[in-house]
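Q: Attaching a predicted model along with its sequence, questions to come.
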Amino acid sequence: MTASTVPSEASSASAAPRGDGVRRSTLRRVVPYLQAGPLALTLLVFLLIPILTIVAVSFWDYDSIRIYPDFVLTNYEELLTSPVTWKTYLNTVKFAALTWVITLLIGFTVAYFLAFHVQSTTWQMVLFLVCTIPFWTSNIIRMISWIPFLGRNGLLNSGLISAGLIDQPLEFLLFSDFAVVLAFVHLYALFMVVPIFNSMMRIDRALVEAARDGGASAAQVVWNVILPLAKPGIAIGSIFVVTLVMGDFITVRLMSGGQSASIGLMIANEISLLQYPAAAANAVVLLAVVLIMVVAMLRIVDIRKEL
Amino acid sequence: MTETRTGSPLSAGTTTGVSRRTLLKGSAAAAGVAIGSGAITGFPTIWAQNIKNVTLRQFGTGVSNLNAVADKVKEDLGFTLQMTALDSDAVAQRAVTQPKSYDIADIEYWICKKVFPAGVMQPMDVSKIKNFDKIVPIFVNGKLTPESAVAQGTAPHTVGFVEGKDSIKFAKSATQWMTLIPTIYNADTLGIRPDLVGRPITSWTDLLDPAFKGKASILNIPSIGIMDAAMVCEAMGEVKYGDKGNMTKEEIDKTLKIMTDAKKAGQFRAFWKTFDESVNLMSSGEVIIQSMWSPAVAAVRAKGIPCVYQPLKEGYRAWGGGLGIAKHLSGLELEAAYEYINWYLSGWVGAYLNRQGYYSAVLDTAKEHMSPDEWAFWMEGQPAKTDILSPEGKVMEKAGAVRDGGSFQDRMGRVACWNAVMDEDRYMVRKWNEFVAA
């Protein structure tokens, strides 16, 4: 609404006598605030207030049925002094790191293929849409479908046995860290492909040609020209993948058979046992860790500058 | 997402609850008008004219929150019962944090120990419960027969009564004020795949038998899982418990040390948390021995896969659930709730639950709704003379079959402990999480 009135105000103002000058400049100062208003309000109500609530609750006390407004540090003490917490963080970071490396390799390769090998724009779009097909069903269904595939008597094991490649079913395929990382890669690879593809499409093809003319090999072009220019996409994709994996709980629970821990799972457990303050403290720590990771990534790649 | 994660602990009785309630009421009224033209049968009361406009919202675990019950309530009593089925954890959470979001809570006794002291429920006047005298004595004094011993854990009678009308303090013996009306209970044991275990299973210790390495499972609901673990450790002779349902810190440590060592040695294939998970683990052959619930065993068998609910020499771990009334209920709705509870104990539901392999709180009335053959099979442990049908009318057992574990007396008479909430609950949960993360 404000946006639509601005241009008309401005155009009529240019024709109006000078007396309107003061009004016009006030308006000019106010309008940007009004434009930013709805978003600011949304963020305040749906992001800032809930986060502040979580922070506040993380200092409250609780027993098995209720929570009591208070200011205690026990939630943080119990969290940070417990070896389980450290083990769980280590485990979650391990999942995040493995998933990140693998999705990055896949994402970069797929995006490179789409952006530089496929010549026609139509085919680029068609193949890009093919990449999104897995997103037509829900995350959980895609994840659960791995279970009968990887199981002891699953398709893969029975296939390998009947092909004579193995005698005993491979037990590590399901309910293991392998299964967890596999599911993560399957779920989140596209989050890497899309931003990298996007930044690759913005690379001026003349640069690649110039590099070739200058005698660079294909590998040198990728390493010295394309990779640096695709960095913003890589950074955005990495932020997606890392934050998603750090916060996940259902994938870890289902694919590890409930035998691996993740921070998300820890929080979910605490909530289900009505230990809200402990869960809030855990969430605050998780938020801090993830923010540090994101900041670190942004230190390496200045997305604003590169965009 | 943000709303449920951050809002619920704070907004227990504030705007969220109110608006949801108004919303539900509005839609319920609309539904009531739509269906309200049906004739009222069954229990004529003085409210017969307006009771059909009443809607009661009930929630609880999937075992007893069945649409068939809601349909029958509509038919017999005329009012509407809305059912919501959740898992055990979600039930406890909702019961405490959103007390205005339900009228009737179908909760388990060990959860009741947590929920009732929160002051969100109102005790029931037993003088209004017609069949109170016929309720199985386990729920009144803890004993199946006058001679039997009281089992360990949160035995239902210990949280079954409070001291007065507005009290939240549990009474030591029966009073006029009951917290929950018992509706459903059972004795749990291990489920096995007889075709894959390859030998008779007789004891809880078999769960940790290295022969089943990588093929065992246990349920990951701490309050219940710890009891199964305790049954195992006690059977092994490794830990002696004062009360398995109320362990000391030392007992908790010892128990979970044994379980952690077994986990590290690769004994477990997976942990399960929901009914479906336990069914899938068993039917896919990923797991061949695990703690299990009796309908889950039935579900595996229904797929044509052999599965046995194995009685063990150390006895059973039992659980029970019941109906409680939310504090805010009053007037016509409260009368409807009593009406409903009296109806619940009058036999139809009892027979329905018995036919699923659970037990009904009032056996005499349930018997009237079952055929003599059904009664003999389910309750007396005798071989079935004809095919045994499920409540939906599907064949569950062929003629000649005998129920696992025998008669009602054999099963409920051999309960070693009840699902429990311990004094050291918080410590136990922390240790349990360490076990899962190990």
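A: Sure, I can see it.

Q: list the contacts for B:Ala187?
A: The contact partners of B:Ala187, by Cβ atoms under 8 Å, 6 or more residues apart in numbering or on different chains, come to B:Tyr316, B:Arg317, B:Ala318, B:Gly405, B:Arg411, B:Met412, B:Arg414, B:Val415. Where C-beta positions appear, they are placed from N, C-alpha and C, glycine not excepted.

Q: now, among those residues, which is nearest to A:Phe184?
A: Comparing those against A:Phe184 with Cβ to Cβ picks out B:Arg317 as the nearest, at 36.3 Å.

Q: quick one: average pLDDT of the strand or helix carrying the closest one?
A: Assigned by DSSP states H and E, B:Arg317 falls within strand B:316-326. Mean pLDDT, strand B:316-326: 93.

Q: hmm, back to that, now flag whichever of the contacts of B:Ala187 is closest to chain A.
A: Closest approach between these and chain A, by Cβ to the nearest Cβ: B:Arg317, at 19.8 Å.

Q: any idea how far A:Ala278 is from A:Tyr76?
A: 9 Å (Cβ to Cβ, to the nearest Å).

Q: Could you check which of these two has the larger neighbour count?
A: A:Ala278 (28 against 17; other Cβ atoms under 10 Å in any protein chain shown).

Q: pLDDT averaged over the stretch of helix or strand that one belongs to, what's the number?
A: Element membership of A:Ala278 [criterion: DSSP H and E] is helix A:276-300. If you average the pLDDT over helix A:276-300, you get 92.

Q: Pull the residues that contact that helix.
A: By Cβ under 8 Å, 6+ apart, helix A:276-300 touches A:51, A:54-55, A:57-62, A:67, A:75-76, A:78-80, A:85, A:89, A:235, A:238-239, A:242-243, A:246-247, A:263-264, A:266-267, A:270-271, B:5, B:9.

Q: for stretch B:222-229, same thing?
A: Stretch B:222-229 is contacted from outside by A:273, B:88, B:110, B:153, B:204, B:207, B:218-219, B:244-245, B:247, B:252, B:255-256, B:258-259, B:271, B:291, B:317, B:319, B:417, B:419-421, B:425, B:428-429, B:432-433, using Cβ under 8 Å, 6+ apart.

Q: bridging residues for B:Gln82?
A: B:Arg57 (DSSP bridges).

Q: picking that back up, ChimeraX command to pick out the buried ones of the contacts of helix A:276-300?
A: If you want just the buried ones from the contacts of helix A:276-300 in ChimeraX, going by 16 or more other Cβ atoms under 10 Å in any protein chain shown, the selection is:
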select /A:54,57,58,59,60,62,67,75,76,78,79,85,89,235,238,239,242,243,246,247,263,264,266,267,270,271 /B:5,9
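
Q: Looking at the contacts of helix A:276-300, which are in strands?
A: A:Asp61, A:Tyr62, A:Ile67 (DSSP state E).

Q: Mind picking the one among those residues that's closest to chain B?
A: A:Ile67 (5.7 Å).

Q: mind listing what the closest one touches?
A: A:Val57, A:Trp60, A:Asp61, A:Tyr276, A:Pro277, B:Pro9.

Q: Show me what it is bridged to.
A: A:Tyr62.

Q: center of chain A, which residue is that?
A: A:Phe240 (1.9 Å; Cα atoms, centre = their mean).

Q: Report the contact partners of that one.
A: A:Tyr188, A:Phe191, A:Met192, A:Pro195.

Q: Quick check: closest non-adjacent residue to the second one.
A: Computed as Cβ to Cβ, 6 or more residues apart in numbering or on different chains, the closest residue to A:Phe191 that is not its neighbour in sequence is A:Phe240, at 3.9 Å.
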